[in-house]
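S.K.: turn this into a model:
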Amino acid sequence: MSARKNYRYVAAVVIVLIVIAAGYFYYQSTVPTASTTTTVAAKQFKMALLLPGPANDVSFNQGGYVAVKSVASALNSSSLNVQYVVNENVAVSDVERLERQYAQQGYNFIVAHGVEFQDQTIRVAKDFPNVFFTVSAGFGNSTDNVAYTEPGFYKDGYLVGLVAAHLTKTGKIGFVYALDIPSYKAWFQNTKLGVEAVNKSLTFTGVATGDFNDVTKAKEATQALISQGYDVIVNGGDGLGVGVISAAKDAGVWTTGAEWDQSALYPGKLYMSTVWNFTVAFEAMVHDVLTNGKFSMKVYPIDLNNGGCVPLLHIQLPADVQAQYDQALADLKSGKIHIVTAAEVSGS
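M.R.: Numbers count the residues shown, from 1 in each chain. Take a look at the predicted model:
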């Protein structure tokens, strides 16, 4: 559980932001419906969230929805009133129009929840210097009023690979993901490092489907790997993850949950979930905007130390493997194990 933090804002009101425990964000019973937008009555601070997929995808998009909802709830519990609007299944071609619309309507904080929205967001942000934007999993240079949420999933890829190496019987582990972008390349490299920490002779292969939300493509890619003898498939998350899990379940092979606790989708052989708590980053960003009128950093971390990246084991490991896992987790947190970052992969 993440520690509670109190943030004080002195402007005309004193705002106390409560960092709710990571478990609340990912295990709360309320799940959004697939409605187009969600709006809460507002006066002073307005947030807009653009999602590339549905807000109830049990993965990346739902994580963004829950984070914005949680930040708004914390602000509304203080003397500041907040409005937020959520747009689901936003096409890349529609991002710029929506962002300009919200900026013109006086929205203060716009979340573009996906790296595929980055170029459009930077372009809009240049025209609205007093509006703050964030791109989830973004990278590289941009304007002062655009910050990125670090894609922390690559930080526990090492653990995913370590356990996978102990589970495989065929010696072949696959990874099905969306695109060859820095964050996924880093995830692949760190998962491979975890695999090799157990056995360097194992095969670890990645397959990019080319789409974040195409369940059918992900299922077909997973089935192809399974037909070649791969008996552990690492789920690359986003909307496509449901396809990975479905194919793994049909074949009875091991797989993982990504960006959310997805164990309920495949009890027994979904051995681990890597949960992202976007609230850690979004809350810090809003705190900086309200307190200082600017972002304090370009990239806001989501990692193992701040409760943003939460590895969840769903199976009982043998004592010696559990000890190796626990030591690796401690070494990742301390920095003793060096992991490849998205910035290193991109050269930024």
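
S.K.: not counting its neighbours along the chain, what's nearest Lys219?
M.R.: Nearest residue to Lys219, sequence neighbours excluded (C-beta to C-beta, 6 or more residues apart in numbering): Gly243, at 3.6 Å. Bear in mind the C-beta positions are built from the backbone N, C-alpha and C, glycine included.

S.K.: helix or strand: which one has Ala197?
M.R.: helix 182-198 (DSSP states H and E).

S.K.: mind listing what's buried in that helix?
M.R.: 182-196, 198 (16 or more other C-beta atoms under 10 Å).

S.K.: again, but for stretch 107-118
M.R.: Neighbour-count burial for stretch 107-118 [16+ other C-beta under 10 Å]: 107-118.

S.K.: do the same with stretch 101-108
M.R.: Those would be 102-103, 107-108, for stretch 101-108 by 16+ other C-beta under 10 Å.

S.K.: report how many residues lie close to Asn141.
M.R.: 8 (other C-beta atoms under 10 Å).

S.K.: now it: how far from Ala48?
M.R.: 23 Å (C-beta to C-beta, to the nearest Å).

S.K.: before we move on, what about Ala72?
M.R.: If you go by C-beta to C-beta, the gap between Ala72 and Ala48 works out to 11 Å.

S.K.: also Asp214?
M.R.: In this view, Asp214 and Ala48 are 26 Å apart by C-beta to C-beta.

S.K.: more neighbours: which of those two?
M.R.: Shown here are Asp214 and Ala48; by other C-beta under 10 Å, Ala48 has more neighbours (25 against 17).

S.K.: thinking that one is in contact with Gln104, fair?
M.R.: No - contact between Ala48 and Gln104 fails when scored by C-beta atoms under 8 Å: they sit 11.5 Å apart.

S.K.: for the two, list the residues in contact with both.
M.R.: With contacts taken as C-beta atoms under 8 Å, 6 or more residues apart in numbering, not a single residue reaches both Ala48 and Gln104.

S.K.: pLDDT averaged over the helix or strand harbouring the residue nearest to Lys219 - what is it?
M.R.: If you go by DSSP H and E, Gly243 is part of helix 241-251. For helix 241-251, the mean per-residue pLDDT is 97.

S.K.: residues of it that come out buried?
M.R.: 241-249, 251.

S.K.: any idea how far the helix or strand following that helix is from the middle of the chain?
M.R.: Counting by DSSP H and E, the next helix or strand C-terminal to helix 241-251 is strand 254-259. The chain centroid and the centroid of strand 254-259 are separated by 13 Å, computed with C-alpha atoms, centre = their mean, to the nearest Å.

S.K.: for strand 254-259, packing partners?
M.R.: helix 60-76, helix 157-167, strand 232-235, helix 241-251, strand 270-276 (3 or more C-beta pairs under 8 Å, 6 or more residues apart in numbering; DSSP states H and E).

S.K.: contacts for it?
M.R.: Outside strand 254-259, the residues touching it (C-beta under 8 Å, 6+ apart) are 59-60, 63, 153, 160, 164, 167-168, 231-238, 241, 244-245, 248-249, 263, 265-266, 269-276, 312, 314.

S.K.: tilt between it and helix 241-251?
M.R.: On the basis of axes from the mean of the first three to the mean of the last three C-alpha atoms, to 10 degrees, strand 254-259 is oriented at 160 degrees to helix 241-251.

S.K.: neighbouring strands of strand 254-259 in the sheet, and parallel or not?
M.R.: strand 232-235 (parallel), strand 270-276 (parallel) (DSSP bridges).

S.K.: so that strand versus helix 182-198, what angle?
M.R.: Following the same axes, to 10 degrees, one obtains 140 degrees for the angle between strand 254-259 and helix 182-198.

S.K.: pLDDT on strand 254-259, on average?
M.R.: 95.

S.K.: now do the helices in the stretch 201-348 of the chain.
M.R.: 215-227, 241-251, 279-292, 319-334, 342-346 (DSSP state H, counting those that start in this stretch).

S.K.: how about those in TSV, adding distance to Glu259?
M.R.: As requested, these are exported to TSV (distance: least, C-beta to C-beta, whole Å):
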stretch	distance to Glu259
helix 215-227	14
helix 241-251	7
helix 279-292	13
helix 319-334	18
helix 342-346	15
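
S.K.: among the ones you listed, which comes closest to Tyr300?
M.R.: Comparing the helices of the stretch 201-348 of the chain against Tyr300 with C-beta to C-beta, the closest turns out to be helix 279-292 (4.0 Å).

S.K.: tell me what the closest one is packed against?
M.R.: Secondary-structure packing of helix 279-292 (3+ C-beta pairs under 8 Å, 6+ apart): strand 45-50, helix 60-76, strand 109-112, strand 132-136, strand 146-149, strand 299-300.

S.K.: direction included, what does the last one pair against?
M.R.: Translated: strand 299-300. Strand 299-300 has its sheet partners listed here by DSSP bridges as strand 146-149 (parallel).

S.K.: how about low-confidence regions in the stretch 101-250 of the chain?
M.R.: 153 (pLDDT under 70).

S.K.: relative to Asn305, which of the buried residues of helix 182-198 is nearest.
M.R.: Asn190 (15.9 Å).
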